[in-house]
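[1] Next comes the sequence, and after it the predicted model I'd like to discuss.
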There are 2 protein chains.
Amino acid sequence: MFIYMLFCIFLFMAVQERVVYLDGDGIPRYWYNILPDLPEPLPPPLDPETGEPVSPEKLAVLFPRELIRQEVSEERFIPIPEEVREVYRLWRPTPLIRAVRLEKFLGTPARIYFKYDGVSPPGSHKPNTAVAQAYYNAREGVERLTTETGAGQWGSALSFACHLFGLNCRVFMVRVSYEQKPFRKVLMRLWGADVIPSPSRVTPIGSRILEEDPENPGSLGIAISEAIYEAVSNENTKYSLGSVLNHVLIHQTVMGLEAKEQFKLVEDYPDIIIGAVGGGSSFSGLFWPFYYDKVSGRAEKDVSFLAVEPKACPTLTKGIYAYDYGDTARLTPLLKMYTLGHNFIPPPIHAGGLRYHGDAPTLCLLVRKGVVNAVAYDQIEVFEAAKLFFQTEGILPAPESAHAVKAAIDKAIECKRRGEEKTILFSLSGHGYFDMKAYQDFIEGRLEPFAYPEDKIRENIETLLSKKLLFR
Amino acid sequence: MFIYMLFCIFLFMAVQERVVYLDGDGIPRYWYNILPDLPEPLPPPLDPETGEPVSPEKLAVLFPRELIRQEVSEERFIPIPEEVREVYRLWRPTPLIRAVRLEKFLGTPARIYFKYDGVSPPGSHKPNTAVAQAYYNAREGVERLTTETGAGQWGSALSFACHLFGLNCRVFMVRVSYEQKPFRKVLMRLWGADVIPSPSRVTPIGSRILEEDPENPGSLGIAISEAIYEAVSNENTKYSLGSVLNHVLIHQTVMGLEAKEQFKLVEDYPDIIIGAVGGGSSFSGLFWPFYYDKVSGRAEKDVSFLAVEPKACPTLTKGIYAYDYGDTARLTPLLKMYTLGHNFIPPPIHAGGLRYHGDAPTLCLLVRKGVVNAVAYDQIEVFEAAKLFFQTEGILPAPESAHAVKAAIDKAIECKRRGEEKTILFSLSGHGYFDMKAYQDFIEGRLEPFAYPEDKIRENIETLLSKKLLFR
């Protein structure tokens, strides 16, 4: 037993600094925009009625001018308003942490670093864009934002941002989550947001659904429809989205830009960058700035990029690269992406943020071009990895982020087998302290792996193609 | 509305650094022990059977030798073993944060700093001593620790520490919390601890209680009895306590020692130090090192100390300074402290960690001597303060720590009224992310203030005195 103790102590030795901090001045002054550096032009969003690219003006009913400008901007560096940087200062720069005890436990020669954005007030990377979006809306005279949320991570980030800039905020929360996961709802209310279970009686869309089925548990698709309806039909009200779109991913690049500075301080550079992918914003925010290094000949190494997704919703690994709707109700423009079909209903895995049927079009293009690789895991192996990470590093990952933890561990084990001293960087985008029910199910053996059968995915895609609801 | 936005932005301006970090070398090499610097000798614990001071040997069945040595040590500085410092490195040094946005919101000329120990893996200051205790036990060949826990903050800290040093850990958790607050139980199990609802069938004490009342909800008193019974009646098993005792408070001084170094970096020094008091360990850990400055003539200012407690359990403000038992079942030695009587059952306030009938004898002596002042608040005003802190600073305080937040806000408002530019330091000993039920009750208007009637307290104390169960 004492031997075990000595072994544990040995795990800590020989390292002075685990955590790389930057001071407040380390908050970037520009976001990075990947659009001018993509290997080929991004296929534009299409209007389903005309088949033509959607004009920016059509989006003006939903988003403020500056965000639409950023959405299509070819500017490589977009200045971060000083007002947004001042808010970032509440939790940014976030730490870059070397997972020393995990490395020692695995006995790997690899160096494992993670960028930890769970230190933000809502506990994830989401406020990086929520704050920017609330700022631009407030600056353009918008008084109220609407959005949808599943488990509540995005909803709580937007509530926080709206509170800071004096905006009213209405969050349509999927009813089943509203009832079963009350705690992020409490956060939203502490920040003054108005949280409504969806389907609701405050929109005709919700009312119609409730008339047919008063017990309807809701879905992200319905909640999006209600949030968009509210924005479109009210004065001074706009809609806000937490992932997928270019401007959202641009705001997230503060993570990668900080990480680059932090790597300079420790005189290291990643060989591989890993992130979990739901819509793709946390992963893109981390790897884009390193991608820029690579395409501009500034990279110290031939860095590679790995997206991680759940086998329950394997968009990048099993989806088709095609034009599809962004939502179940087919209200959005068509986006070119890897998709399982907009009608795809993923199994109820605990990583609620990874249950989206598509992905950000920029990320999909990079996967298509072979710049980004993708891998999928089932949730049991993901929670096993999260447990090991918690036991060695003392931080409980959000179930979404735990997918990146699993991939990083697998890469580190591969390095051990091959004797390679690689530097691994992954995104720990959020903590899991509001996901304890998931961990309880895990330790009590109630989790199912939920790998989605490949033939069923194929079948669904073929059907949508034949009905012309999906376009190559 | 845009005016409000500008106002919010203004809150952030003019400050470069909110957070004062120390690097890994900033972890102290010595704990500070107040015993040699107390204004008069500490009244010793008494054996209830003989009325004589308890001999250290009598404690050897419960605690390892080194902890008993520290309990009575007159050494001013006790070296922190390198192995313990290496574990501290996982989350220490913890940040000292200036609450800039709270200051601006209050419009106070005071500077408000807080030492934030919620960044530890279990989310509170408790592992500062849990790690040291597990280390000494492991070094002396102990293989298993037992303890009790209410809501689970101490239980999760000891589970974490035992995991690191390869010790088995059994936590007796008050049954009503075990059933109603499952999430800290999940943390304990992830760290491999054995968590048992108390009263249990694994001890004769618990079995007897369950035979009489199978639905008994349990209490901290019963859980202590079960944990002590297990330690005494098993080979290589010891017991561990999370507050009150001298050695526990000594380990907590890492907080105050770090804070002193951090104040040097910002060229400031506190005028007043504030902390919530349950047993007294988090507050003592913060203020002791500044008390040392004061008594040794090293203090830059005439710093004062303020203990904060709930009106539901007002030991320091309404208790009697007398010899009393440490537990309900009268198994412990008699301790000289401010007490409400060992049979006192506080109302079910959400700050479970502040529901102890007594306090650390060292703290009580300092209150008796007028070195430390005390104030009490009801839980509604405490949650109001916590909400304001969350909205301005973005960290949700544990209900216990929120008592210190409330007092700090009141002091800052007093500074505004008097035009005094004082420096306020308070202990934010833990985060509230596992206490969301409490915040839900608060925002939904279900909290009661629970101020305990003074005449009932007097009556109980008089009865105990007359029955010779309490000794002046």
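    That came through fine. Numbers count the residues shown, from 1 in each chain, chains lettered A, B, ... in the order given.

[2] How about the closest residue to chain B within the stretch 351-472 of chain A: what's its closest non-neighbour residue?
    Per Cβ to the nearest Cβ, A:Gly394 is where the stretch 351-472 of chain A lies closest to chain B, at 3.2 Å. Every residue, glycine included, has its C-beta placed from N, CA and C. Ranked by Cβ to Cβ, 6 or more residues apart in numbering or on different chains and with sequence neighbours excluded, the top spatial neighbour of A:Gly394 is B:Pro121, at 3.2 Å.

[3] I'd say the one you found and B:Val87 touch.
    No. Proximity of B:Pro121 to B:Val87 does not meet the contact threshold set by Cβ atoms under 8 Å, at 10.0 Å.

[4] Of those two, which one has the most company?
    B:Val87 (26 against 22; other Cβ atoms under 10 Å in any protein chain shown).

[5] residues contacting that one?
    Counting by Cβ atoms under 8 Å, 6 or more residues apart in numbering or on different chains, B:Val87 touches A:12, B:131, B:135, B:161, B:164.

[6] any idea how far the helix or strand hosting the second one is from the chain center?
    For B:Val131, the element it lies in under DSSP states H and E is helix B:127-139. For helix B:127-139, the separation from the chain centroid amounts to 17 Å (computed by Cα atoms, centre = their mean, to the nearest Å).

[7] which helices and strands sit right next to that helix?
    Judged by 3 or more Cβ pairs under 8 Å, 6 or more residues apart in numbering or on different chains; DSSP states H and E, helix B:127-139 is in contact with helix A:2-12, helix B:65-72, helix B:82-88, strand B:144-149, helix B:153-164, helix B:246-252.

[8] List the buried residues in the helix ranked longest in chain A.
    Using DSSP state H, we find that the single longest helix of chain A is helix A:399-418. Within helix A:399-418, the residues scored as buried using 16 or more other Cβ atoms under 10 Å in any protein chain shown are A:399-412, A:415.

[9] That one near chain B anywhere?
    No. Applying Cβ under 8 Å from any Cβ of the partner chain, one finds helix A:399-418 separated from chain B by no less than 12.6 Å.

[10] Mind exporting the C-alpha coordinates of that helix to CSV?
    The C-alpha trace of helix A:399-418 is given here as CSV (Å, rounded to 0.1, in the frame of the first residue of the first chain):
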residue,chain,number,x,y,z
PRO,A,399,-20.0,14.5,-21.2
GLU,A,400,-19.5,16.4,-24.5
SER,A,401,-15.9,17.3,-23.7
ALA,A,402,-15.3,13.8,-22.5
HIS,A,403,-15.3,12.6,-26.1
ALA,A,404,-12.1,14.6,-26.6
VAL,A,405,-10.6,13.2,-23.4
LYS,A,406,-11.2,9.6,-24.8
ALA,A,407,-9.5,10.4,-28.1
ALA,A,408,-6.5,12.1,-26.4
ILE,A,409,-6.0,9.1,-24.1
ASP,A,410,-6.1,6.8,-27.1
LYS,A,411,-3.5,8.9,-29.0
ALA,A,412,-1.3,9.0,-25.9
ILE,A,413,-1.4,5.2,-25.7
GLU,A,414,-0.6,5.0,-29.4
CYS,A,415,2.5,7.2,-28.7
LYS,A,416,3.5,4.9,-25.9
ARG,A,417,3.3,1.9,-28.2
ARG,A,418,5.3,3.6,-30.9
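
[11] okay, the angle between that helix and helix A:153-164?
    Here helix A:399-418 runs at 120 degrees with respect to helix A:153-164, directions being taken by axes from the mean of the first three to the mean of the last three Cα atoms, to 10 degrees.

[12] helices and strands around helix A:399-418, which ones?
    Going by 3+ Cβ pairs under 8 Å, 6+ apart, helix A:399-418 lies up against helix A:100-106, strand A:111-116, strand A:272-276, strand A:304-310, strand A:372-377, helix A:379-393, strand A:423-428.

[13] Return the mean pLDDT over that helix, rounded to an integer.
    Helix A:399-418 shows a mean pLDDT of 98.
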